[in-house]
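please find the sequence and the predicted model below.
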Amino acid sequence: MAKSLAKIRARQLRTNGQSIKDIARKLKVSQSTASNWCHDIKLSKKQIDKLIKSKEKKITAGRLKGALVQKMKKINAIQWAEKQAEALKNLSTQEFFIAGLVFYLAEGTKASGVVQFTNSDPRIVNFMLRWFRKFYNVTARDIRCSILINVDQKRRENKAKRFWQKYLKIPPVSFTKTRYAKSKQRKIYANQNSYFGTFNFRVSKSTKLLYLINALTNRLLSI
């Protein structure tokens, strides 16, 4: 069974109240893998009571309670982190500039002859388009973009394009031919409606700008 399909099946079984041990046995994976796949699924009190009382599963109330305590610790830690993150609000111009350099250093092309950036997260792509517009006056007219999607999702090409066009406010004329990725194993998505591929944009006539960004990122790494 493909790993992505096994994960979907594991989550279905867990939602139906199956124990991690039984899920691992049925799908022939380790208990740690099954637990990782289902870590965010919260069982109802009725499902928990059923697992506790089940002699077949041999799960004690103490062990289950311990697992729930650990899950609550994780939830509390995430809530604490989100609360701390609220302190990060508006960026200064300098902070915005440095953040853009770091993103480009991680996901931008350094030796293609033109400025080019690729990412699958719409928020990151939008951040970088705003960055180029603010600091280098790059507009939608200056870029050419394309999307890369799994060949199994070819039928959703137009939907993916419309998503990126609307989210990033980029006219259709700026888009070039869609590229398709082939994988050895057929990829299955738990929610295909949220899959829009990977977005790439290139800035026209940007060789000089690429030299500048490379110099700036090199300088950043030497500080």
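Received, thanks. Residues are numbered from 1 along each chain as shown.

helices or strands up against the host helix or strand of residue 78?
Taking DSSP states H and E as the criterion, residue 78 maps to helix 61-85. Packing partners of helix 61-85 (3 or more Cβ pairs under 8 Å, 6 or more residues apart in numbering; DSSP states H and E): helix 45-53. (Glycine included, C-beta is placed from N, CA and C.)

which other helices and strands contact whichever strand in the chain runs longest?
Identified as the longest strand of the chain according to DSSP state E is strand 143-150. In terms of contacts (3+ Cβ pairs under 8 Å, 6+ apart), strand 143-150 is packed against helix 157-168, strand 179-181, strand 198-203.

returning to what we had before: tell me the angle of the helix holding residue 78 relative to helix 45-53?
Helix 61-85 and helix 45-53 meet at an angle of 140 degrees, taking axes from the mean of the first three to the mean of the last three Cα atoms, to 10 degrees as the criterion.

how far does helix 61-85 sit from its chain's centre?
With Cα atoms, centre = their mean, to the nearest Å as the basis, helix 61-85 stands 23 Å off its chain's centre.

quick one: average pLDDT of that helix?
The average of the pLDDT scores along helix 61-85 is 82.

check which element follows it along the chain.
On the C-terminal side of helix 61-85, the closest following helix or strand by DSSP H and E is helix 93-107.

contacts for that next one, please.
91, 117-119, 124, 127-128, 131-132, 134-135, 213, 216-217, 220-221 (Cβ atoms under 8 Å, 6 or more residues apart in numbering).

buried set for it?
For helix 93-107, the neighbour count (16 or more other Cβ atoms under 10 Å) marks 100, 101, 103, 104, 105, 107 as buried.

after it, next one along is what?
As assigned by DSSP H and E, the chain's next helix or strand after helix 93-107 is strand 116-119.

looking at residue 165 now. What's its pLDDT?
The model's pLDDT for residue 165 equals 94.

now residue 193
In this model, residue 193 is scored at 68, pLDDT.

report how many residues lie close to residue 44.
Neighbourhood size, residue 44 [other Cβ atoms under 10 Å]: 10.

do you know how far it is from residue 18?
Separation of residue 44 from residue 18 (Cβ to Cβ, to the nearest Å): 13 Å.

do the same with residue 6
14 Å.

also residue 161?
On the measure of Cβ to Cβ, residue 161 and residue 18 end up 40 Å apart.

then residue 73?
Going from residue 73 to residue 18 by Cβ to Cβ gives 23 Å.

more neighbours: which of those two?
Legend: neighbour count by other Cβ under 10 Å for residue 73 and residue 18, higher for residue 18 (21 against 10).

which strands and helices sit next to the helix or strand of the chain with the lowest mean pLDDT?
One helix or strand of the chain scores below all others by mean pLDDT, DSSP states H and E: helix 45-53, with a mean of 78. Applying 3+ Cβ pairs under 8 Å, 6+ apart, one finds that helix 45-53 contacts helix 61-85.
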